[in-house]
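Undergrad: can't give you the sequence, but here's the structure:
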């Protein structure tokens, strides 16, 4: 099935909640299909294209007729494909043949808002996140995850919000649930690095205390490392990396070379495109060679 956040599998168990109830806020296009049905395969890419184009103006619920015989019968399906548009808890339109794209658009137009008038649920979640409404963003990401559990982008966003809310255990569980190859993706590596820093945060003295300690002894290895972690947690990343470089210069063997390890973790947290990462990666290279 497509990885689109607007497409999900409907079953007898979830049809009431995800189709009938959900249609009271967003129209749901129900596509009843089967693997052996040639017209189904003709109409399917058209429906998938339109649901993405409409950016959440409607959702596409796919019903496998062979696997969901009871649901198919309850919908009164007599031939395949059968496509039903559900809005406000009722079937408002539909068709049972491989219509051309233009005809499908005509069916949608009276019931679905134009794509350009829509903010995608994913974009809305990110907007709420940026505005500081973590609970609102989390609710949308959770709904998108229920509709498409295989959307790894949404999973990582869920874990990031959980981390920001202080629920590090859940964030780490979500991260661990990712396939091995996905853990190597930049966003996943950045999140893993951030979680490691957050785990250390509870053990760190306040920033002011650490800054005072460095004023008294600029080479204090504990203060250099701990203050770098505090700066990293507060997005003072260049300052954090500068302290780690200083620690490598003054005490490279401190805690088995933890300064270098922490610096690399910070690089992973920020990503290779970050200009500070590029600057301090060069400094690290110069220091090592």
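TA: Noted; the coordinates are in hand. Owing to the predicted nature of the structure, the values given are computational and were not obtained by experimental measurement.

Undergrad: Am I right that residue 92 is in a strand?
TA: Yes. According to DSSP: H, G, I helix; E, B strand; the rest coil, residue 92 belongs to a strand.

Undergrad: Nearest spatial neighbour of it, chain-adjacent residues omitted?
TA: Leaving aside its sequence neighbours, residue 92 sits nearest to residue 85 (Cβ to Cβ, 6 or more residues apart in numbering; 5.4 Å). For glycine as for every other residue, the C-beta is placed from the backbone atoms N, C-alpha and C.

Undergrad: Helix, strand or coil: sort out that neighbour for me.
TA: strand.

Undergrad: does it really touch residue 109, like I thought?
TA: No. Under the criterion of Cβ atoms under 8 Å, residue 85 makes no contact with residue 109, lying 11.0 Å away.

Undergrad: Can you tell me how far the residue nearest to residue 92 is from residue 101?
TA: 15 Å (Cβ to Cβ, to the nearest Å).

Undergrad: go on, residue 261?
TA: 54 Å.

Undergrad: helix or strand right after the lowest-mean-pLDDT helix or strand in the chain?
TA: Least confident helix or strand of the chain, by mean pLDDT, DSSP states H and E, is helix 186-201 with a mean of 78. Per DSSP states H and E, helix 186-201 leads on to helix 207-216 as the next helix or strand towards the C-terminus.

Undergrad: buried residues in that next one?
TA: For helix 207-216, the neighbour count (16 or more other Cβ atoms under 10 Å) marks 210, 213, 214 as buried.

Undergrad: Turn those into JSON lines, columns for distance to residue 165 and pLDDT.
TA: Rendered in JSON lines, the data for the buried residues of helix 207-216 read as follows (distance: Cβ to Cβ, whole Å; pLDDT from 0 to 100):
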{"residue": "210", "distance to residue 165": "25", "pLDDT": "93"}
{"residue": "213", "distance to residue 165": "31", "pLDDT": "95"}
{"residue": "214", "distance to residue 165": "31", "pLDDT": "95"}
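
Undergrad: quick check, nearest of those to residue 138?
TA: Using Cβ to Cβ, residue 210 is the member of the buried residues of helix 207-216 that lies nearest residue 138, at 32.2 Å.

Undergrad: Surely the closest one is in contact with residue 227?
TA: Yes. Counting by Cβ under 8 Å, residue 210 does reach residue 227; the two are 4.0 Å apart.

Undergrad: Pick out whichever of residue 85 and residue 101 has more residues nearby.
TA: Neighbour totals were compared for residue 85 and residue 101, and residue 85 leads with 22 against 13 (other Cβ atoms under 10 Å).

Undergrad: Next one: the more buried one from residue 192, what distance?
TA: Applying Cβ to Cβ to residue 85 and residue 192 gives a distance of 43 Å.

Undergrad: Repeat that for residue 150.
TA: Using Cβ to Cβ, residue 150 is found at 20 Å from residue 192.

Undergrad: Check residue 160 too.
TA: 11 Å.

Undergrad: go on, residue 140?
TA: According to Cβ to Cβ, residue 140 and residue 192 sit 24 Å apart.

Undergrad: ok, those two, which is more surrounded?
TA: Using other Cβ under 10 Å, the more surrounded residue of residue 140 and residue 192 is residue 140, with 22 against 19.
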